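J.: Please work out how this folds:
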Amino acid sequence: MINVLFVCLGNICRSPLAEGVLLHAIREKGLENQIHVDSSGTSSYHIGDSPDPRTMQNARENKIILTSKARQFRVEDFEKFDYILAMDQSNYRNILRLDPFGKYEHKVRLFREFDEQERGADVPDPYFGGEEGFQHVFEIVERSVSKLLDHLTEKHNLSVSNQDP
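T.: Numbering: from 1, shown residues only. You can find the predicted model right below:
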């Protein structure tokens, strides 16, 4: 089982969207028993909350259902997850601060390392913007998740049981 964790600041916009998009793609390819996905935030602002209503609305409009509840990143996540994907440089640095000896640094990456259009860029936080910002983030996430799933499938030799035509 491959374990993937998406991390943003509050765990109500970007990371739960990425979690939902990856879960959707995993189901489409029949990889549910091979990849586990979760999301968290580096802050404690929204623990226990559902994703932002605008994120949920945008996800629904794009045929993605979000069911996660916000939680804060924990030191134990370093052990549990194989891939810890930060949405931006700030959260990347915050995660690494919890690993002062660099034992798990190899697991922590920027999510957009998988975005061929802007490799390594930050996923912008749509929280203070309008509807178009949420759609822009969705497009980034969808594109990056597609390449992430290709990477996971190839690197870990996962068997896809439901290939799209």
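J.: show me where the chain has helices.
T.: Secondary structure of the chain by DSSP state H: the helices cover 14-29, 53-61, 77-80, 89-97, 131-155.
J.: which of the ones you listed sits most buried?
T.: Counting by mean count of other Cβ atoms under 10 Å, helix 14-29 has the highest mean neighbour count of the helices of the chain, with a mean of 24. To be clear about C-beta, it is placed using only N, CA and C from the backbone, and glycine gets the same treatment.
J.: shaky segments in the protein?
T.: 162-165 (pLDDT under 70).
J.: at 90 instead, please
T.: For the chain, the stretches with pLDDT under 90 are 129-131, 159-165.
J.: Can you give me the distance of Gln117 to Lys147?
T.: 10 Å (Cβ to Cβ, to the nearest Å).
J.: Flag every buried residue along stretch 105-120.
T.: Lys107, Val108, Arg109, Leu110, Phe111, Arg112, Phe114, Asp115 (16 or more other Cβ atoms under 10 Å).
J.: could I get these as a markdown table with distance to Tyr45?
T.: Output for the buried residues of stretch 105-120, formatted as a markdown table (distance: Cβ to Cβ, whole Å):
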| residue | distance to Tyr45 |
| --- | --- |
| Lys107 | 24 |
| Val108 | 21 |
| Arg109 | 24 |
| Leu110 | 22 |
| Phe111 | 20 |
| Arg112 | 23 |
| Phe114 | 27 |
| Asp115 | 26 |
